[in-house]
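A.B. asks: predicted model and sequence below, questions to follow.
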Amino acid sequence: MAEEAHGGGIQIHPMDQFVVKPLFGGDSVGMLTPTNVTLWLAIAVGVITLLLVVGTRGRAIIPSRAQSVAELAYGFVYKMVEDVAGKDALVFFPYIMTLFMFIVTANMLGLVPMSFTTTSHIAVTAVLALAVFITVTVVGFVKNGTKFLELFWVKSAPLPLRPVLAVIELISYFVRPVSHSIRLGGNMMAGHAVIKVFAGFAAIAAVAPFSILAIVAIYGLELLVAFVQAYVFTILTCVYLKDALHPSH
């Protein structure tokens, strides 16, 4: 968190919490090396399984807490898909539900002390964003054929401007996975780094009370950010899916 420098000051290393480390010792990380990232990815999957499978197994009329949370999440994502992408997009609801639950769970687990925030790594968020990008593109061409290219041809614009706008639309389309992944990873990394910085200042007696208050406030904000970022990622997925299903709209 923070350590004494040779000159008597305090050195704070807020980025150390994002270092990928092997679980069973050693310095090298290979393709099949179990790391702290894979551990917390597995924990996220386990938590989701417990909530959505084990927690709803009874399907009681008077639901348990786990069943209530699962039903609330189900209804929330279902309504989002229906309202944003349309009823014909509900066939993709299982995928979007899985995406939302994984991101929000991974974000929340990252706030547990001594945990690892998997969604702060671009390697994780980029895979999620590329999966959305490829899925949406394939769906667009399978459902609409070459008419999917109408997404880049702005018919409402004057004819001389349409080629220029088409190039801009094409570039913005291929930038989608970049912005989609960096938005999530950047926000999660920034918030945790700020918490680590204030935690380092807590070692200084004169500012410790203010540092602790700042940590509590930022931690509360990060709880909100953890949910909002999952929501933003998911709703953008719905928007992109709508473009694929209805490119001329």
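C.D. replies: Great, that's in hand. Bear in mind that the values here come from a model prediction, so they are computed numbers and not experimental data.
A.B. asks: got the contact list for residue 234?
C.D. replies: Residues near residue 234 by C-beta atoms under 8 Å, 6 or more residues apart in numbering: 77, 80, 96, 99, 100, 103. Glycine gets a C-beta too; all of them are placed from N, C-alpha and C.
A.B. asks: give me that answer again for 10 Å
C.D. replies: Taking C-beta atoms under 10 Å, 6 or more residues apart in numbering as the criterion, residue 234 is in contact with 76-77, 80-81, 84, 96-97, 99-101, 103-104, 132.
A.B. asks: which among those end up buried?
C.D. replies: 77, 80, 81, 84, 96, 97, 99, 100, 101, 103, 104, 132 (16 or more other C-beta atoms under 10 Å).
A.B. asks: residue 233: which of those residues is nearest?
C.D. replies: residue 103 (5.6 Å; C-beta to C-beta).
A.B. asks: the residue nearest to that closest one when sequence neighbours are not counted sits in which helix or strand?
C.D. replies: Among residues not flanking residue 103 along the chain, residue 230 sits closest, at 4.1 Å (C-beta to C-beta, 6 or more residues apart in numbering). Element membership for residue 230 (DSSP states H and E) is helix 208-245.
A.B. asks: and the residue nearest to residue 33 when sequence neighbours are not counted, what are its bridge partners?
C.D. replies: Spatial nearest neighbour of residue 33, excluding adjacent residues (C-beta to C-beta, 6+ apart): residue 22 at 5.3 Å. Going by DSSP bridges, residue 22 is paired in beta bridges with residue 35.
A.B. asks: run through the neighbouring helices and strands of the strand or helix carrying residue 171.
C.D. replies: Element membership of residue 171, judged by DSSP H and E, is helix 162-201. The elements that helix 162-201 packs onto, with contact taken as 3 or more C-beta pairs under 10 Å, 6 or more residues apart in numbering; DSSP states H and E, are strand 2-4, strand 10-12, helix 93-109, helix 122-144, helix 208-245.
A.B. asks: okay, now residue 224: neighbour count?
C.D. replies: Residues near residue 224, counting by other C-beta atoms under 10 Å, number 9.
A.B. asks: tell me the spacing between it and residue 218.
C.D. replies: 11 Å (C-beta to C-beta, to the nearest Å).
A.B. asks: just residue 122 next, same as before
C.D. replies: In this view, residue 122 and residue 218 are 22 Å apart by C-beta to C-beta.
A.B. asks: residue 15 too?
C.D. replies: 17 Å.
A.B. asks: okay, the two: which has more neighbours?
C.D. replies: Between residue 15 and residue 218, residue 218 has the larger neighbour count (other C-beta under 10 Å), namely 18 against 11.
A.B. asks: who's in contact with the more buried one?
C.D. replies: The contact partners of residue 218, by C-beta under 10 Å, 6+ apart, come to 191, 192, 194, 195, 197, 198, 199, 225.
A.B. asks: hmm, back to that, how far does the helix holding residue 230 sit from the chain's center?
C.D. replies: 9 Å (C-alpha atoms, centre = their mean, to the nearest Å).
A.B. asks: SS state for residue 155?
C.D. replies: State at residue 155, reduced to three classes by DSSP: H, G, I helix; E, B strand; the rest coil: coil.
A.B. asks: hmm, it is touching residue 161, no?
C.D. replies: No. Counting by C-beta atoms under 10 Å, residue 155 does not reach residue 161; the two are 11.3 Å apart.
A.B. asks: of those two, give the one with the bigger neighbour count.
C.D. replies: More neighbours surround residue 161 than the other of residue 155 and residue 161, with 11 against 8 (other C-beta under 10 Å).
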